[in-house]
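S.K.: Prediction below, plus the sequence it came from.
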Amino acid sequence: MARNLFFIVLFLNLFIFSGCQTSHQVEIKPVEIKPIHITIDVNVRVEKALDDFFDDIEAAENKIKK
């Protein structure tokens, strides 16, 4: 009886831990670095500054006309 129990436990251990013998390979590729081109559109700032400037001139003209 003890001998059968020993073989059953041995078989179960081999069966359970057989999954631990798998091996994995990870492929490491070199990192590619590319330049980043950024275009910033500053037309909005210029347009707002021109609007403010011309609004001031128009306000001055309106004061002169009145």
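M.R.: Thanks, I have it.
S.K.: Can you find the helix or strand in the protein with the smallest mean pLDDT?
M.R.: Lowest on mean pLDDT, DSSP states H and E among the helices and strands of the chain sits helix 43-65, with a mean of 78.
S.K.: so how far is that one off the chain centroid?
M.R.: Distance of helix 43-65 from its chain centroid, counting by C-alpha atoms, centre = their mean, to the nearest Å, is 43 Å.
S.K.: now stretch 23-38
M.R.: Computed by C-alpha atoms, centre = their mean, the chain-centroid distance of stretch 23-38 equals 14 Å.
S.K.: And that stretch, what's buried?
M.R.: Across stretch 23-38, burial judged by 16 or more other C-beta atoms under 10 Å covers no residue at all. Heads up, the C-betas are built off the backbone N, CA and C, glycines and all.
S.K.: Show the average pLDDT along it.
M.R.: The average pLDDT within stretch 23-38 is 84.
S.K.: Render the CA-only coordinates of that stretch in CSV, please.
M.R.: Presented in CSV, the C-alpha positions along stretch 23-38 are these (Å, rounded to 0.1, in the frame of the first residue of the first chain):
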residue,chain,number,x,y,z
SER,A,23,11.4,27.8,-22.0
HIS,A,24,10.6,31.1,-23.6
GLN,A,25,12.7,33.1,-25.9
VAL,A,26,12.3,36.9,-26.1
GLU,A,27,13.6,38.6,-29.2
ILE,A,28,15.1,42.0,-28.5
LYS,A,29,15.1,44.3,-31.5
PRO,A,30,17.2,47.5,-31.6
VAL,A,31,15.3,50.7,-30.8
GLU,A,32,14.9,53.0,-33.8
ILE,A,33,15.1,56.7,-33.1
LYS,A,34,13.6,59.0,-35.6
PRO,A,35,13.7,62.8,-35.6
ILE,A,36,10.4,64.5,-34.7
HIS,A,37,9.4,67.5,-36.9
ILE,A,38,7.0,69.9,-35.1
